[in-house]
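Participant: Got a sequence here, can you model it:
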Amino acid sequence: MSSKPVVSIIVPVYNIEQYLDECIRSLVQQTYQNIEIILVDDGSTDASSDICDSYAKKYKHVKVRHQKNKGVSSARNAGIKAAKGEWIIFADGDDEMSSDAVDTLVNTAIKTEADCVSGNFVSYSDSHAVSVVSTSPEKIVLVDREEALKNLLYQRQIANAPFAKLYKADCIRKVRFSESITAAEDLQFNYFALKNVQKVAIIDTIVYLYRRREGSAINASFTRKRMSGLEATESIMQDVKQNNRLMLAAKNRFFMEAVFIGIQILFSSVYKKEYKRCKAIIKRYCIDVARDRESPLAYRLIAVVAIINVDIALMVVRLRSLRGRNES
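Facilitator: So this is what the prediction gives:
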């Protein structure tokens, strides 16, 4: 690896004029200089498109691609196709990166010879702004491919989201975000991306600032499209049939996806069919999860209650979720 490899930062953009300037500024002000910033305007109808173009005129390493509105996955895929860098980073247009994030991630990759570096992130809201300057990692954990996949599926150390990560471009050139799945597509992408790595470096350094806001996809109210999260996690289960050592981890993730959806439609009279499907999945895999010693304790407790009664298990999880939201 060269000492200063080119890093492509891919940013999907859609109607985020209020936040976009802060995001792009955090990228053009990176201490690491050998970068290209690819802004993919996904058919914005506000000033986002003009903001992208203005930065491209001002900075040679900022490139803009305009396309009709096809969704965030399509925008990210367009960015992957256009990327020229040896390494790739994803950022969302309403978030920010710490000023030396790319430096930190690249230096870790060089030091460890890892194919992917997974950094830490902090979430914030407009009413509780934060400012973070990353430093050299205090702790670096190196894991092989199988352990990385387990960490992803058990939701420990490696988050579902593609942000706060540095990917070797060769490992994801042929991997794409599913454009037919609108939930857990990032988990699915990371699963198939990590299948191509030899080792992953996990660092505790905060390199990314994730903005929680009303109206974002993650905070949107439930629609039937959310059920595609089951399709994403089930596709992973189908793939791991070739690797029994990962099967329990995949069952855990499929189980928890059904739980996450189930608590959203627990008392719905509209989504009875969807709720029934979630219950069936939870019922089928609760014993496996309860017996799995690698499963997080919270998952196992949910599974134990679900063995007795799935509805009660979901009620408990929903109440705890609402309480946590009110306290945050």
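Participant: C-alpha only now, for contacts and for neighbours.
Facilitator: Will do.
Participant: Just to be sure, residue 119 is in a helix?
Facilitator: No. Residue 119: not assigned to a helix; according to DSSP: H, G, I helix; E, B strand; the rest coil it is strand.
Participant: residues touching it, list them.
Facilitator: Residues in contact with residue 119 (CA atoms under 8 Å, 6 or more residues apart in numbering) are 105, 164, 165, 202, 203, 204, 205, 206, 207, 208.
Participant: now do 10 Å
Facilitator: Applying CA atoms under 10 Å, 6 or more residues apart in numbering, one finds that residue 119 lies in contact with 101, 104-105, 108, 137, 140, 157-159, 163-166, 201-208.
Participant: residue ranges with poor pLDDT in the stretch 201-328 of the chain?
Facilitator: 213-220, 323-328 (pLDDT under 70).
Participant: all strands for it, in order.
Facilitator: With DSSP state E, counting those that start in this stretch, there are no strands along the stretch 201-328 of the chain.
Participant: And the helices in it, which stretches?
Facilitator: 228-239, 244-264, 272-291, 297-308, 310-327 (DSSP state H, counting those that start in this stretch).
Participant: Pick the most deeply packed of the ones you listed.
Facilitator: helix 244-264 (a mean of 22; mean count of other CA atoms under 10 Å).
Participant: now it against helix 228-239, angle please.
Facilitator: Orientation check (axes from the mean of the first three to the mean of the last three CA atoms, to 10 degrees): helix 244-264 against helix 228-239 gives 170 degrees.
Participant: Please name every helix or strand in contact with helix 244-264.
Facilitator: Using 3 or more CA pairs under 10 Å, 6 or more residues apart in numbering; DSSP states H and E, the elements in contact with helix 244-264 are helix 145-153, helix 228-239, helix 272-291, helix 297-308, helix 310-327.
Participant: Export those helices as CSV, with columns for distance to residue 53.
Facilitator: Listed next are the helices and strands packed on helix 244-264 as CSV, based on distance: least, CA to CA, whole Å:
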stretch, distance to residue 53
helix 145-153, 36
helix 228-239, 34
helix 272-291, 43
helix 297-308, 46
helix 310-327, 38
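Participant: Using CSV, please lay out the helices of the stretch 201-328 of the chain together with distance to residue 172.
Facilitator: Output for the helices of the stretch 201-328 of the chain, formatted as CSV (distance: least, CA to CA, whole Å):
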stretch, distance to residue 172
helix 228-239, 17
helix 244-264, 21
helix 272-291, 31
helix 297-308, 30
helix 310-327, 34
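Participant: Let me know which of those helices is the nearest to residue 148.
Facilitator: For the helices of the stretch 201-328 of the chain, proximity to residue 148 was assessed by CA to CA; helix 244-264 is nearest, at 10.6 Å.
Participant: Now do that closest one against helix 310-327, angle only.
Facilitator: 70 degrees.
Participant: and helix 244-264, C-alpha only, in PDB?
Facilitator: Below are the C-alpha coordinates for helix 244-264, written out as PDB (Å, rounded to 0.1, in the frame of the first residue of the first chain):
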ATOM      1  CA  ASN A 244     -22.400 -23.700  10.100                       C
ATOM      2  CA  ARG A 245     -20.200 -21.700  12.400                       C
ATOM      3  CA  LEU A 246     -22.100 -18.500  11.300                       C
ATOM      4  CA  MET A 247     -25.600 -20.000  11.300                       C
ATOM      5  CA  LEU A 248     -26.400 -19.200  15.000                       C
ATOM      6  CA  ALA A 249     -25.300 -15.600  14.500                       C
ATOM      7  CA  ALA A 250     -27.500 -15.300  11.400                       C
ATOM      8  CA  LYS A 251     -30.500 -16.800  13.200                       C
ATOM      9  CA  ASN A 252     -29.900 -14.200  16.000                       C
ATOM     10  CA  ARG A 253     -30.000 -11.400  13.500                       C
ATOM     11  CA  PHE A 254     -33.100 -12.700  11.700                       C
ATOM     12  CA  PHE A 255     -34.800 -13.200  15.100                       C
ATOM     13  CA  MET A 256     -34.000  -9.600  16.200                       C
ATOM     14  CA  GLU A 257     -35.100  -8.100  12.900                       C
ATOM     15  CA  ALA A 258     -38.500  -9.700  13.500                       C
ATOM     16  CA  VAL A 259     -38.500  -8.300  17.000                       C
ATOM     17  CA  PHE A 260     -37.600  -4.800  15.800                       C
ATOM     18  CA  ILE A 261     -40.500  -4.900  13.300                       C
ATOM     19  CA  GLY A 262     -42.900  -6.600  15.700                       C
ATOM     20  CA  ILE A 263     -42.700  -3.900  18.400                       C
ATOM     21  CA  GLN A 264     -43.500  -1.300  15.800                       C
END
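Participant: packing partners for whichever strand or helix holds residue 38?
Facilitator: Using DSSP states H and E, residue 38 sits within strand 35-42. Applying 3+ CA pairs under 10 Å, 6+ apart, one finds that strand 35-42 contacts strand 7-13, helix 17-28, helix 48-58, strand 62-67, helix 72-82, strand 87-90.
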